[in-house]
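[1] Requesting a structural model of the entry that follows:
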Amino acid sequence: MVKQSMTLSLALVAGMSLGSLPAVASAHAMPVVVGAFPAPPKGVGPGKLMVLPLRHEHHPYVVKFGRAGTMSGNSFYVASTKNRAYVPSIAGYTDVMDIATGKRIDRFHTLKGGRVAALSKNHKTLFVLSAKRLAAYSAKDGAKRYEIAFGGNAMALNRDGSRLFVGGNMDKTIAEINPMTGLIIRQIPIGHTGDMVFANGYIFSADMKSGVMTAYNPLTEKTYTMATPETDPHFSYHKIPQANAGFMQLAVSPDQKYVYAAGFSGHILRFSTSKPAYLGEVAVDANRSGPNKLSGLTVLDHGKRAISTVENRHESVEVDLSNGRIIKRLKDVASNRWIHART
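    Numbering: from 1, shown residues only. Below you'll find the predicted structure:
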């Protein structure tokens, strides 16, 4: 777990420090990466959202949500528009935060236990997912649109936003859902989804226990299964932090040609989306004296670089995706799920 900080003066890269929150948003949209600080599946959380501006002249900074040390500070997968972060908590409400100023814009009731969020393509509907249920809300005012009895820990929308796919580690299928109505169209026989992305017409589903990546084409119903070295024979869902391998976050290259996966083994794995295939992995050696348990992952610079969280070191690293070389260390910066946004 990342230690809570009451200030923004934590040491960062080579003597740099976490920056102060900007007073106002830039006149020009600034790309950032955001993610909630790590928290356990149940219980209290640190109530901190990490913001990583992707321009070198700006430093990472913390936005506080909920209340630290309570269930309102426990979130996992946030959603974002150009300048707002929707932060769901297991306490049963979502905070809407201004990313640039760190101020809370709104708060509305959502699913209890729901700490995974996604936005519709037009940013008008917020989806919140718990282990057992999915609900949809107006992103403008939090009005509930529907709630259904299918839960999990991963969501993905297809390219035009006409279908929402939901799965989870404990689920035997992925549900294909009409996001407008909540109607389950079909159950796809792919189980144990740790994370999921939609890329180049395929759903990619990662099974963190088996180390198998599955790609599914919803139009042709063709399935590709890809075994990888990302396996731990002693893996247990009840003791994930103790695992020596296992898929964590997936990320897609901007051109949709590749899917990447962060692994608890300390590797970033790469998959082709043209005809789904496993292409290999690169080692990220952030901790030469011990393990490198990678969790959060996002791709930068047209697929040349990535930022990944090294969970056991409570830090993140920027790496060269061609060889795993560490370009920069981001101390005291961590999230299990990074997303792109703009302020």
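[2] which strands and helices sit next to the helix or strand harbouring V299?
    Element membership for V299, per DSSP states H and E: strand 294-300. Other helices and strands packing on strand 294-300, by 3 or more C-beta pairs under 8 Å, 6 or more residues apart in numbering; DSSP states H and E, are strand 247-252, strand 258-263, strand 267-272, strand 305-310. To be clear about C-beta, it is placed using only N, CA and C from the backbone, and glycine gets the same treatment.
[3] quick one, which of these is packed in tightest?
    Comparing the helices and strands packed on strand 294-300 on average neighbours per residue, with mean count of other C-beta atoms under 10 Å, the densest one is strand 258-263 at a mean of 27.
[4] Show me the strands paired with it, marking each as parallel or antiparallel.
    Here strand 258-263 is paired, per DSSP bridges, with strand 247-252 (antiparallel), strand 267-272 (antiparallel).
[5] starting at the chain centroid, how far to it?
    12 Å (C-alpha atoms, centre = their mean, to the nearest Å).
[6] I'd like the mean pLDDT over that strand, please.
    For strand 258-263, mean pLDDT rounds to 98.
[7] so it versus strand 294-300, what angle?
    150 degrees (axes from the mean of the first three to the mean of the last three C-alpha atoms, to 10 degrees).
[8] contact partners of strand 258-263?
    Residues outside strand 258-263 that contact it (C-beta atoms under 8 Å, 6 or more residues apart in numbering): 195, 197, 199, 204, 206, 213, 230, 245-253, 268-273, 279, 281, 294-297, 299, 303, 306, 308-309, 321.
[9] centre of the chain versus the strand holding V299, how much separation?
    Per C-alpha atoms, centre = their mean, the centroid offset for strand 294-300 relative to its chain is 8 Å.
[10] Next, the angle from that strand to strand 305-310.
    Relative orientation of strand 294-300 and strand 305-310, computed by the same axes, to 10 degrees: 160 degrees.
[11] Alpha carbons of strand 294-300, as CSV, please.
    The C-alpha trace of strand 294-300 is given here as CSV (Å, rounded to 0.1, in the frame of the first residue of the first chain):
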residue,chain,number,x,y,z
LEU,A,294,4.0,-4.4,-12.3
SER,A,295,0.3,-3.4,-12.0
GLY,A,296,-0.8,-0.1,-13.6
LEU,A,297,0.1,0.5,-17.2
THR,A,298,-0.4,3.2,-19.9
VAL,A,299,1.3,3.7,-23.3
LEU,A,300,2.9,6.9,-24.4
